[in-house]
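A.B. asks: Next one to model:
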Amino acid sequence: MSKCYTARVDWLWIISILLLNVSLSHQWGFWFGGGQTGELSAFGGAIGPNDILCAKKLIGRGTKLPINIPFSISIPIRAYYAEAVEYDRRGFMVGIKNGALNTNSITLFISGPRTLPYFVIVDFYCTP
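C.D. replies: Numbers count the residues shown, from 1 in each chain. I've put the predicted structure just below:
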């Protein structure tokens, strides 16, 4: 096998691997800041066997982020679950800004793309 032929084969492997990585980065946003900012769902806390869904909040498509989602109720808030209604490679992140789980008041902080390209539904679970 000639030296020139071996160099071509090596370059073909390198180009193939680069193309595979670029295609994966486009799909999942691994490289080049592909727009991935988090997940498409977030969960915090623990739901007990007697806990109930005590509130549901909808964050609309086109909402400017970041945004605060305050929630208060007379019974303890045990958990939250936020979920995007449809798939988009740009996810979102959820954190607790004020308050805490197992108390009567909490403010969630949602960040992600500048504007939401999808609806996000936030469920709050409480102990009756």
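A.B. asks: following the lowest-mean-pLDDT helix or strand in the chain, which helix or strand shows up next?
C.D. replies: When each helix and strand of the chain is scored by mean pLDDT, DSSP states H and E, helix 3-28 comes last, with a mean of 51. Next in sequence after helix 3-28, counting helices and strands by DSSP states H and E, comes strand 41-45.
A.B. asks: what ranges of the chain fall below the confidence cut-off?
C.D. replies: Counting by pLDDT under 70, the chain shows low-confidence ranges at 1-39.
A.B. asks: domains for it, by residue range?
C.D. replies: The record's domain parsing of the chain by automatic domain parsing lists 1-34, 41-126.
A.B. asks: would a markdown table of those with mean neighbour count be doable?
C.D. replies: The way it works is simple: take the backbone N, C-alpha and C, and place the C-beta from them, glycine included. Converted to a markdown table, the domains of the chain look like this (neighbours: other Cβ atoms under 10 Å):
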| stretch | mean neighbour count |
| --- | --- |
| domain 1-34 | 10 |
| domain 41-126 | 16 |
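A.B. asks: Help me confirm that S72 is found in a strand?
C.D. replies: Yes. When DSSP: H, G, I helix; E, B strand; the rest coil is applied, S72 is found to be in a strand.
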